[in-house]
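# Provided below for reference: sequence and predicted model.
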There are 2 protein chains.
Amino acid sequence: MSKPEIRKIVILGAGRLAVNLSMAILKKGYDIVEVYNRTGTKGISLSRKLSARYIPEPEMITPDADLYILAVSDAAIPFLLERIKIGNRLIIHTSGSMKMDVLRGVSANFGVIYPLQTFTSRTLLRFRKVPLCIEASSRKNLHLLKFFADSLSEKVYTINSDQRRLLHLSAVFASNFTNFMVTISQELVLENGMDFGILEPIIRQTAGNASSGDVFKLQTGPAVREDRETIREHLKLLTNHPDYKEIYDLITRNIIQHKKKS
Amino acid sequence: MSKPEIRKIVILGAGRLAVNLSMAILKKGYDIVEVYNRTGTKGISLSRKLSARYIPEPEMITPDADLYILAVSDAAIPFLLERIKIGNRLIIHTSGSMKMDVLRGVSANFGVIYPLQTFTSRTLLRFRKVPLCIEASSRKNLHLLKFFADSLSEKVYTINSDQRRLLHLSAVFASNFTNFMVTISQELVLENGMDFGILEPIIRQTAGNASSGDVFKLQTGPAVREDRETIREHLKLLTNHPDYKEIYDLITRNIIQHKKKS
């Protein structure tokens, strides 16, 4: 392995991902020289934390950093790519669904580091435990990015754009949709005057189960038991929540189907 | 508080809940005298672990225990209640959805201990952390059951049948449906030749988020961002899974709706 060549870094974006990623980068001793962000308050706040310059316009970004990290929403990427001038410096995005090739026009050297985690604005996560999925435009760039990613996290995976897209979709089910199931659960508990803390242990246990082999083998509850009477009763309890009733009905039918297949 | 009067206990059932509950009871020094179970293999196996007699027919159950615990499926409860003779000894069931009153015919003293947890057959859970929801037919019985439940778990809640039913429904969303979301996620990852371990951190983090205030505030992903392009792309990726596509579409629409309401 050659010495890593990435030293000076520019961060584009100041949202939850940008904050978590750049704080992890800072901690590893890299030199974050600039932070670009469309809205000043967040951009200035992050740039102060990083002792970096705040850049309000993409056209003003320095052209001589070693790495440019797009940590903005997918929708903002084309806008930025049209405006920045970075010669053939290495640039990456951090999106789960954008193809790596969207970066082709702006530089000959590009790649992706996709952190497979859900970032809240409340707390910084332990970045060393965040899986990083990397992809690059050449072997040399992959080598550079791998070295860089390895310095930030214990879990670095080299995958292609199709796999990344698929992982992102899988994470929508495993994280976004589970969070919404818990949202519904919480709403039902609170509107009946109970303490949601009572459900905390079962939520933790369910998540813990996900680490062991075939998750469907651990499926419990009325659907997988085909306990039609409880299912009927639950649908009746949801009369005032037609939207949740529809979700209950659809997922229950799917669980029963899945059991028959497996 | 008077001295607890429960010493001799009969367990009816030998499934995952019966095993977890009776092992916790045994550890606390209670005397489990008999285990009834419809199928002999599981019943004999559990009775051996507990140094209890195995009872193959409900009619043969001793009438002089202090507590009878129905830890069977809801469907099996009426069958058992028709056959056991226990005078007015204290009997409880452990179901999330059965009303307490189903026990009225068999004894004047009855109640419920509903453990709000998902039990797998693989490992015994730390029972002290399992929330126990109790209900009883009289103040005296509530006192007895509270004392008993407190000896088994740190988290004992006194709730009525309506609340318990509602908690059970909430747990279906928070546990059974989240497990199925993870099942779908796992299937997608595995069929594309990737390692499911990559999703473990995001699943854990999502579950951890559930312990803090308004869960919907932590909702991330394309639905809550109303990122129509990614949603469209995900639906396209699910072309070969019309069932999962339907779930993706319904939950996504609900998340967008929920955001507008909140």
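That came in fine, so what should we check first?

# what sits against A:Thr230?
A:Thr230 makes contacts with A:222, B:74, B:97, B:168, as judged by Cβ atoms under 8 Å, 6 or more residues apart in numbering or on different chains. Placement of C-beta: from N, CA and C, glycine included.

# pretty sure the second one sits against A:Arg228.
What it means is B:Asp74. No. If you go by Cβ atoms under 8 Å, B:Asp74 and A:Arg228 don't touch, sitting 10.8 Å apart.

# in terms of neighbours, single out the busier of those two.
Ranked by neighbour count (other Cβ atoms under 10 Å in any protein chain shown), B:Asp74 and A:Arg228 place B:Asp74 first, with 18 against 13.

# what's the farthest-apart pair in the contacts of A:Thr230?
Longest distance between any two of the contacts of A:Thr230 is 10.5 Å, between B:Asp74 and B:His168; criterion Cβ to Cβ.

# joint contacts of those two?
Common neighbours of B:Asp74 and B:His168 (Cβ under 8 Å, 6+ apart) are A:230, B:97.

# secondary structure class of A:Val35, three-state.
strand (DSSP: H, G, I helix; E, B strand; the rest coil).

# not counting its neighbours along the chain, what's nearest it?
Once flanking residues are discounted, A:Val35 sits nearest to A:Ser47: 4.0 Å by Cβ to Cβ, 6 or more residues apart in numbering or on different chains.

# isn't the one you found up against A:Tyr54?
Yes. Using Cβ under 8 Å, A:Ser47 is in contact with A:Tyr54, at 3.9 Å.

# which one of those two has more residues nearby?
Neighbours per residue (other Cβ under 10 Å) separate A:Ser47 from A:Tyr54, with A:Ser47 holding more: 23 against 18.

# quick check, A:Asp64 in contact with A:Leu90.
No. The pair A:Asp64 / A:Leu90 is not scored as a contact, 12.0 Å apart, by Cβ under 8 Å.

# neighbour count: those two, which is higher?
Comparing A:Asp64 with A:Leu90 by neighbour count (other Cβ under 10 Å), the higher total belongs to A:Leu90, at 26 against 10.

# what are the ranges of the helices in the stretch 1-150 of chain A?
With DSSP state H, counting those that start in this stretch as the criterion, the stretch 1-150 of chain A has helices at A:16-27, A:40-50, A:77-83, A:139-152.

# a markdown table for those, including mean pLDDT?
Shown next, in a markdown table, are the helices of the stretch 1-150 of chain A (pLDDT from 0 to 100):
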| stretch | mean pLDDT |
| --- | --- |
| helix A:16-27 | 96 |
| helix A:40-50 | 96 |
| helix A:77-83 | 96 |
| helix A:139-152 | 97 |
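
# can you put those helices in JSON lines and add distance to B:His234?
Listed next are the helices of the stretch 1-150 of chain A as JSON lines, based on distance: least, Cβ to Cβ, whole Å:
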{"stretch": "helix A:16-27", "distance to B:His234": "19"}
{"stretch": "helix A:40-50", "distance to B:His234": "28"}
{"stretch": "helix A:77-83", "distance to B:His234": "18"}
{"stretch": "helix A:139-152", "distance to B:His234": "25"}
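
# among those, which comes closest to B:Lys260?
Closest to B:Lys260 of the helices of the stretch 1-150 of chain A, according to Cβ to Cβ: helix A:16-27, at 21.8 Å.

# now do that closest one: everything it contacts.
With contacts defined as Cβ under 8 Å, 6+ apart, helix A:16-27 is touched by A:9, A:11-12, A:32, A:35, A:37, A:46, A:49-50, A:69, A:71-72, A:94, A:115, A:119-121, A:124-125, A:127-128, A:130, A:152-153.

# again, only using 6 Å
Contacts with helix A:16-27, where a contact means Cβ atoms under 6 Å, 6 or more residues apart in numbering or on different chains, come from A:11, A:32, A:46, A:50, A:71, A:119, A:121, A:124-125, A:127, A:152.

# how far away is A:Tyr248 from chain B?
Using Cβ to the nearest Cβ, to the nearest Å, A:Tyr248 is found at 7 Å from chain B.

# ok, for A:Ile55, nearest residue in space, not its chain neighbours?
Spatial nearest neighbour of A:Ile55, excluding adjacent residues (Cβ to Cβ, 6+ apart): A:Tyr36 at 4.3 Å.

# residues contacting the one you found?
Going by Cβ under 6 Å, 6+ apart, the list of residues near A:Tyr36 reads A:12, A:55, A:58, A:61.

# per-residue pLDDT, the second one?
Right, the one you point to is A:Ile55. pLDDT for A:Ile55: 97.

# same question for the third one.
Confidence at A:Pro58, expressed as pLDDT, is 96.

# leaving out sequence neighbours, find the closest residue to it.
Nearest one to A:Pro58, counting by Cβ to Cβ, 6+ apart, is A:Arg83 at 3.8 Å.

# got CSV for the contacts of helix A:16-27, with distance to B:His258 and neighbour count too?
CSV is the format used below for those (distance: Cβ to Cβ, whole Å; neighbours: other Cβ atoms under 10 Å in any protein chain shown):
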residue, distance to B:His258, neighbour count
A:Ile11, 32, 30
A:Ile32, 37, 23
A:Leu46, 29, 22
A:Leu50, 35, 22
A:Ala71, 27, 24
A:Phe119, 20, 20
A:Ser121, 19, 10
A:Leu124, 27, 13
A:Leu125, 25, 19
A:Phe127, 30, 19
A:Leu152, 34, 20
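
# give me the lowest-pLDDT entry from the residues you listed.
Per-residue pLDDT puts A:Ser121 lowest of the contacts of helix A:16-27, at 72.

# thinking again about what came up before, tell me the most buried of the helices of the stretch 1-150 of chain A?
Comparing the helices of the stretch 1-150 of chain A by mean neighbour count (mean count of other Cβ atoms under 10 Å in any protein chain shown), helix A:16-27 comes out on top with a mean of 20.

# sorry, back to before: widest-spaced pair of the contacts of A:Tyr36?
That would be A:Leu12 and A:Ile55, which, of those, are the farthest apart (Cβ to Cβ) at 8.7 Å.

# neighbours around A:Ile203, how many?
Around A:Ile203 there are 27 residues (other Cβ under 10 Å).
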